[in-house]
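Undergrad: quick one: sequence and predicted model below, then my questions.
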Amino acid sequence: MEKEIENTRQLGSLLRGGIEFMAMTDLGETPLIHGSNLGDLLKKRIELMLAHMEDEPFIDPDYMMRRAGELIR
């Protein structure tokens, strides 16, 4: 998870750099399209990973299929 935290920090830095490198929208987001709040979400991601460093890993195998077409508000 430490590598993932560092990758997320680097992505945030790239995002703040002002270079457009991925499609983003201000109309909301799905798991496949990022919204204009991506920077805030990256900060939250780091906070969550730090808070759960000692948790037992679990990946829900059906998550992407359930949420792929759903708008996140």
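TA: Done, it's in.

Undergrad: report all helices and strands that the helix or strand bottoming out on mean pLDDT in the chain contacts.
TA: Every helix and strand of the chain was ranked by mean pLDDT, DSSP states H and E. The lowest is helix 63-67, at a mean of 83. Based on contacts counted as 3 or more Cβ pairs under 8 Å, 6 or more residues apart in numbering; DSSP states H and E, there is no element that helix 63-67 packs against. Glycine gets a C-beta too; all of them are placed from N, C-alpha and C.

Undergrad: check what contacts it and list those residues.
TA: Around helix 63-67, the neighbours that count as contacts under Cβ atoms under 8 Å, 6 or more residues apart in numbering are 30, 31.

Undergrad: would you mind writing the CA trace of it as PDB?
TA: These are the backbone C-alpha positions of helix 63-67, laid out as PDB (Å, rounded to 0.1, in the frame of the first residue of the first chain):
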ATOM      1  CA  TYR A  63     -17.700  -4.200  -7.600                       C
ATOM      2  CA  MET A  64     -16.900  -3.000 -11.100                       C
ATOM      3  CA  MET A  65     -19.700  -4.900 -12.700                       C
ATOM      4  CA  ARG A  66     -22.300  -3.500 -10.200                       C
ATOM      5  CA  ARG A  67     -21.100   0.100 -10.500                       C
END
